[in-house]
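Participant: I'd like to go over a predicted model; first the sequence, then the structure.
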Amino acid sequence: MRDLMMIDSNVRPIQDATLKRPALEKPDAAAFGQMVSQAINDVNQQMGEADKAAEGLTLGTNRDIHGTMIAMEKASISFQLITQVRNKIIDAYKEIQRMSF
């Protein structure tokens, strides 16, 4: 019986803590839009940097071929990622449209 009382006394603080946790915040559509917009701007900036590095390499002002290739790959991967995110957003929107209420 004493063991049960010890277990009960250890469990109660955990139960109290879980019952008093704050409610989850609702997602903010504006914050999501800002996040996507920022991601697009970041990709655009990376692509601009890659273009400048490639232009400098062709003009001879930039001799860092490795840095140029890294910048171009970063831009390419970022573009592929943002394209996939866009595709997932469109798929989710189409799925919501198909729902019946």
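Facilitator: Nice, I can see it. Residues are numbered from 1 along each chain as shown.
Participant: which one's the longest helix in the chain?
Facilitator: helix 65-98 (DSSP state H).
Participant: so where's this structure uncertain?
Facilitator: Flagging of the chain using pLDDT under 70 yields the residue ranges 1-27.
Participant: 50 instead, please
Facilitator: By pLDDT under 50, the weakly predicted segments of the chain are 4.
Participant: follow-up on the earlier one: the longest helix of the chain packs against which elements?
Facilitator: For helix 65-98, the packing partners by 3 or more Cβ pairs under 8 Å, 6 or more residues apart in numbering; DSSP states H and E come out as helix 29-59. (Each C-beta comes from the backbone N, C-alpha and C, glycine too.)
Participant: please state the offset of the helix it packs on from the chain centre?
Facilitator: 15 Å (Cα atoms, centre = their mean, to the nearest Å).
Participant: buried residues, it. List them.
Facilitator: By 16 or more other Cβ atoms under 10 Å, the buried positions in helix 29-59 come out as 43, 46-47, 50, 53-54, 57.
Participant: and for stretch 60-80?
Facilitator: For stretch 60-80, burial by neighbour count (16+ other Cβ under 10 Å) applies to 68, 71-72, 75, 78.
Participant: how close does Tyr93 get to Asn87?
Facilitator: Counting by Cβ to Cβ, to the nearest Å, the gap from Tyr93 to Asn87 is 11 Å.
Participant: contacts for stretch 73-90 next, please.
Facilitator: With contact meaning Cβ atoms under 8 Å, 6 or more residues apart in numbering, stretch 73-90 is reached by 36, 39-40, 42-43, 46-47, 49-50.
Participant: fine by me, thanks again.
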